[in-house]
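*Asks:* What would the 3D arrangement of this be:
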Amino acid sequence: MPLTGLVTSRHRRHVIVEPSEGERCRCLVLGRDLKPLVGDSVVVEQPVDGTMFVSKLLPRDAVLTRIDSRGNPEGVAANISQLAVVIAEKPAPDWSLVDRYFAAAELEGISGLLIWNKSDLVGLNSTPEALVYRPIGYSII
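*Replies:* This next block holds a predicted model:
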């Protein structure tokens, strides 16, 4: 009997699914067309031999994508409502990468949040680059 669950981890052709009832399980992803992402709701089936597999993706609300090494869009996560980017003073933040993540989130209508890790060691005001995000609507914590 099929069950539904949430993909919590992906490892090549296997995913970890947390079902609505029961414990997490490792499932095989069948077929190259089926590409579940972390955050996807999926249908899992278990035939007689006991191998569990993902048979269907349920509709997505949003997909965070990036461009792969060949220039094609690649899904990173599904059904998220907020993207939290964590930075620290050291190593120095890659502000271009932060911009790209926030731009990708904006394209999908996903809100962004900048988390300044270890700010007590240096102080938030020491890096003016981070302060440009607050006036354009991003929270910094």
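*Asks:* who does the lengthiest strand in the chain pair up with?
*Replies:* Ordering each strand of the chain by length in residues (DSSP state E) puts strand 3-11 first. Applying DSSP bridges, strand 3-11 is found paired with strand 14-19 (antiparallel), strand 41-45 (antiparallel).
*Asks:* Give the buried residues for stretch 107-115.
*Replies:* For stretch 107-115, burial by neighbour count (16 or more other CB atoms under 10 Å) applies to 110, 112-114. Placement of C-beta: from N, CA and C, glycine included.
*Asks:* who's Val63 bridged to?
*Replies:* Ala78.
*Asks:* From here on, call the first residue 327.
*Replies:* Let's use 327 as the start, then, which means that last one is Val389.
*Asks:* My guess is it contacts Gly401. True?
*Replies:* Yes: the pair Val389 / Gly401 is scored as a contact, 5.1 Å apart, by CB atoms under 8 Å.
*Asks:* what is in contact with these two at once?
*Replies:* Here Val389 and Gly401 share the contacting residues Leu363, scored by CB atoms under 8 Å, 6 or more residues apart in numbering.
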